[in-house]
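[1] the sequence and its predicted three-dimensional model are supplied below.
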Amino acid sequence: MHRQSHAHGIRALGSRRLLAVSLAITGGVLVVQVIGAVLTGSLSLLADAAHMFTDASAIVIALVASGVAARPADARNTYGYQRAEVFGALINGVILIVLCAWILVEAAQRLWGPGDVEVLGGPMLVVAPIGLIANAVSLWLLSAAQRSSINVRGAYLEVLGDVVGSIFVIVAAIVIWTTGWTAADALASLVIAVMIVPRAFSLLREVFAVLGEAVPRGTDVEEIREHLLSRAGVTAVHDVHVWQLTRGAPVFTAHVVVTPEALEAGRAAVLLSEMQSCLSAHFDVEHSTFQLELAGHIEHDAHD
């Protein structure tokens, strides 16, 4: 358990540094985009700026959550505070949904509302690439950390949406600048909103899977059971439970029935070590708990 907590602490520290750098980049570009949106009258640029603001908020939430998650376990929170990352990701997902709804309403008003809104394509074409470059840098910084942290993944997905959104803003700016067709700006906003929805629901689905203590994606309980049964002296494995505290922190518990000879030979400690090593090496489960039982003393719980 100490090794798991130490590794998670190092990982969280690296994630916080990456998030801090990404926040600095995002905050600077946000100011530029807001000024550019006001000067050009561009909804897509304003939507991109709003998304950047959401990114900045999400990164702040991620920083706070990862800091809390790095706190050690105590008598009241025996697993530590890693679940704080999950709640941070939940907030990020909700923000994404709200942002998407706002973009859809504003775009619809521009497309079907009375009168045309003046949009300056030239200045848009100057501001939009700045956001694209900044988002690409932030995306690169967060790409590695998001694989092991659901919280960083929330920020990563929002920055990914900004990269694609910036591309559509650039395309809309080129169309407006060359043809004068201002509806391209509202259409680009709609595209950005459509891209946000699946990512938001994907993040929320993962959050609810963790909070619902579902088996981590890619984990085969029967395969784990077969690995344990292959150990000498093991006759049955039951009451198996697998869940995760947060992304990359799975937890495993099981009751293992062993032969009397396995215990009489003093192999209990060796057997426990072998099973824990098996889960760690083959299934990336660092925290596992086994209850050894003699044949004839099997007590199934209500979920087995």
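    That came through fine.
[2] what sits up against stretch 206-225?
    83, 86, 89-90, 93, 150, 153, 237, 240, 242-247, 250, 252, 254, 279, 283 (CB atoms under 8 Å, 6 or more residues apart in numbering). (Each C-beta comes from the backbone N, C-alpha and C, glycine too.)
[3] CA atoms only for it - export them in PDB, please.
    What follows is stretch 206-225 as a C-alpha-only set of coordinates in PDB (Å, rounded to 0.1, in the frame of the first residue of the first chain):
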ATOM      1  CA  GLU A 206     -16.500   7.200 -16.800                       C
ATOM      2  CA  VAL A 207     -17.100   9.200 -13.600                       C
ATOM      3  CA  PHE A 208     -20.300   7.400 -12.800                       C
ATOM      4  CA  ALA A 209     -18.600   4.100 -13.500                       C
ATOM      5  CA  VAL A 210     -16.000   4.900 -10.900                       C
ATOM      6  CA  LEU A 211     -18.500   6.200  -8.400                       C
ATOM      7  CA  GLY A 212     -20.700   3.200  -9.000                       C
ATOM      8  CA  GLU A 213     -17.700   0.900  -8.300                       C
ATOM      9  CA  ALA A 214     -18.100  -0.800 -11.600                       C
ATOM     10  CA  VAL A 215     -15.300  -3.200 -12.800                       C
ATOM     11  CA  PRO A 216     -12.600  -1.000 -14.500                       C
ATOM     12  CA  ARG A 217     -12.800  -1.100 -18.300                       C
ATOM     13  CA  GLY A 218     -10.500  -3.800 -19.800                       C
ATOM     14  CA  THR A 219     -10.500  -5.900 -16.600                       C
ATOM     15  CA  ASP A 220     -11.700  -9.400 -17.000                       C
ATOM     16  CA  VAL A 221     -12.800 -10.800 -13.600                       C
ATOM     17  CA  GLU A 222     -12.900 -14.400 -14.900                       C
ATOM     18  CA  GLU A 223      -9.400 -14.200 -16.200                       C
ATOM     19  CA  ILE A 224      -8.200 -13.000 -12.800                       C
ATOM     20  CA  ARG A 225     -10.000 -15.900 -11.200                       C
END
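[4] how's the protein carved up into domains?
    2-211, 221-294 (automatic domain parsing).
[5] mean neighbour count and mean pLDDT added to those domains, as a markdown table?
    Listed next are the domains of the chain as a markdown table, based on neighbours: other CB atoms under 10 Å; pLDDT from 0 to 100:
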| stretch | mean neighbour count | mean pLDDT |
| --- | --- | --- |
| domain 2-211 | 20 | 77 |
| domain 221-294 | 17 | 82 |
